[in-house]
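Novice: Give me coordinates for this.
(one chain, ligands or ions: 1)
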Amino acid sequence: MRQSVWQPANSMRPENEIGSWLQMAKERLHGVCETPALEAQVLLSHVLKKPRTWILAHPEEQIPPSLFAHLDQLLNRLINREPLPYLLAQWEFFGLRFFISPAVLIPRPETELMVETALRWLQLNPKRRKVADVGCGSGCIGITLAYHTPELSVIASDISFPALQLAKQNVSLHHVESHVHLVQTDLLSSLHCTFDLICANLPYIPTQTLLNLPVAKHEPILALDGGEDGLQLIRRLLQSIQLWIKPGGLILLEIESSQKESSLALASSLLPKATIHCIHDLSDNPRLITIQFP
Ligand SMILES: C[S@@+](CC[C@H](N)C(=O)[O-])C[C@H]1O[C@@H](n2cnc3c(N)ncnc32)[C@H](O)[C@@H]1O
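Specialist: Numbers count the residues shown, from 1 in each chain. Alright, predicted model coming up:
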């Protein structure tokens, strides 16, 4: 692993220029990530506090020498395969910016399917405004729903206190304090209310599979580990869901693509009166289980 610190000797040398730094960073990131040029640009844009388009349009501009040490430290962390969003401490989800930290899962584009589906249902059901976001992590699902839907009342729960502390910052960032309430609890267990819509992106990776995944090195195990078959938390939630769902309510569950059959079978055995479907994501992978109650 190369750890050398890139130090320009003289501020007028071309190495100090944006274009040269990008080339050097791209070469060092080669083989480390799938899009080395893009990651180098995003990192530099973050440190220089300039849009990526500005960086690309000004390859001849000098990087202030005071920023080199910080830039080099971040680049080395990237080379050590720390995910870029953790270095930036923020990430975009459904067009909104969210603070993130290693206490929470990095919001994934696949999860936008749940938000799209939920927003459509809320639009079609304007009187149904009570929502739960179970396992809220950064709060990206519940906050996005509240941001886009007037008069929504969201309870966002997580068992992790550090995750909830971060979600609180995101609630403030998007000014939804009066619409999103954060609760530390196991699933929904400490709540004594019912919901029109329950969204849950719970951990769903089987424990054994997780042991070999690079993602487990940096993202919280609590956000990933779905037990022996990956469905442990989903199973527990569905076993007692009747306590929390209103008649006519909808449950949305994110799954891993290989869990389509097992999660459909699980949901229909536990909730035989509900209408259950699986929606595929843009890559045509099964991604979302929808459970509509009569
Ligand atoms: C896959 S992450 C999803 C985070 C966020 N909703 C998202 O989509 O980016 C799962 C979240 O569930 C939380 N979690 C794990 N076990 C839980 C439990 N028993 N009750 C409530 N939340 C739990 C984790 O702390 C984590 O934040």
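
Novice: going forward, measure contacts between C-alpha atoms and count neighbours the same way
Specialist: Will do.

Novice: tell me what the host helix or strand of residue 146 is packed against?
Specialist: Residue 146 is located in helix 140-148, with elements delineated by DSSP states H and E. Contacting helix 140-148 under the criterion 3 or more CA pairs under 8 Å, 6 or more residues apart in numbering; DSSP states H and E are the following elements: helix 112-124, strand 130-134, strand 153-158, helix 161-173, strand 180-184.

Novice: quick one: the third one to helix 140-148, angle?
Specialist: Right, the one you point to is strand 153-158. Between strand 153-158 and helix 140-148, the angle formed by their directions is 160 degrees, by axes from the mean of the first three to the mean of the last three CA atoms, to 10 degrees.

Novice: By mean pLDDT, flag the weakest helix or strand of the chain.
Specialist: Between all helices and strands in the chain, the lowest mean by mean pLDDT, DSSP states H and E belongs to helix 215-218, at a mean of 92.

Novice: Find the residue closest to the residue nearest the centre of the chain in space, skipping its chain neighbours.
Specialist: Against the mean C-alpha coordinate of the chain, by CA atoms, centre = their mean, the closest residue is residue 107 at 1.0 Å. Excluding the flanking residues, the one nearest residue 107 by CA to CA, 6 or more residues apart in numbering is residue 93, at 6.4 Å.

Novice: The one you found reaches residue 106, doesn't it?
Specialist: No: counting by CA atoms under 8 Å, residue 106 is not a contact partner of residue 93; they are 9.4 Å apart.

Novice: and those two? which has more neighbours close in?
Specialist: Taking residue 93 and residue 106 together and counting by other CA atoms under 10 Å, residue 106 has the greater number of neighbours (26 against 18).

Novice: rewinding a little: dump the helices and strands packed on helix 140-148 into CSV; add distance to residue 280 and mean pLDDT as well.
Specialist: Below are the helices and strands packed on helix 140-148 laid out as CSV (distance: least, CA to CA, whole Å; pLDDT from 0 to 100):
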stretch, distance to residue 280, mean pLDDT
helix 112-124, 9, 98
strand 130-134, 21, 98
strand 153-158, 25, 98
helix 161-173, 28, 98
strand 180-184, 28, 98
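
Novice: now for these, which one comes closest to residue 26?
Specialist: When those are compared by CA to CA, helix 112-124 sits nearest residue 26, at 29.5 Å.

Novice: Give me every residue in this structure lying close to the ligand.
Specialist: The chain has residues 104-107, 111, 135-138, 140-141, 157-160, 185-187, 201-203, 222-224 near the ligand, with proximity defined as CA under 6 Å from any ligand atom.

Novice: could you redo the last one with a cut-off of 8 Å?
Specialist: Within the chain, the positions adjacent to the ligand are 103-108, 111, 133-141, 157-160, 163, 184-188, 200-204, 220, 222-225, 233 by CA under 8 Å from any ligand atom.

Novice: Quick one: buried ones out of those?
Specialist: If you count burial by 16 or more other CA atoms under 10 Å, the buried members of these come out as 103-107, 111, 133-141, 157-160, 163, 184-188, 200-204, 220, 222-225, 233.

Novice: Quick check: beta-bridge partners of residue 90?
Specialist: According to DSSP bridges, residue 99 are recorded as the beta-bridge partners of residue 90.

Novice: average model confidence for the longest strand along the chain?
Specialist: Across the chain, the longest stretch assigned as strand under DSSP state E is strand 245-254. For strand 245-254, mean pLDDT rounds to 98.

Novice: Stretch 44-51 now?
Specialist: What stretch 44-51 shows for mean pLDDT is 96.

Novice: That'll do, ta.
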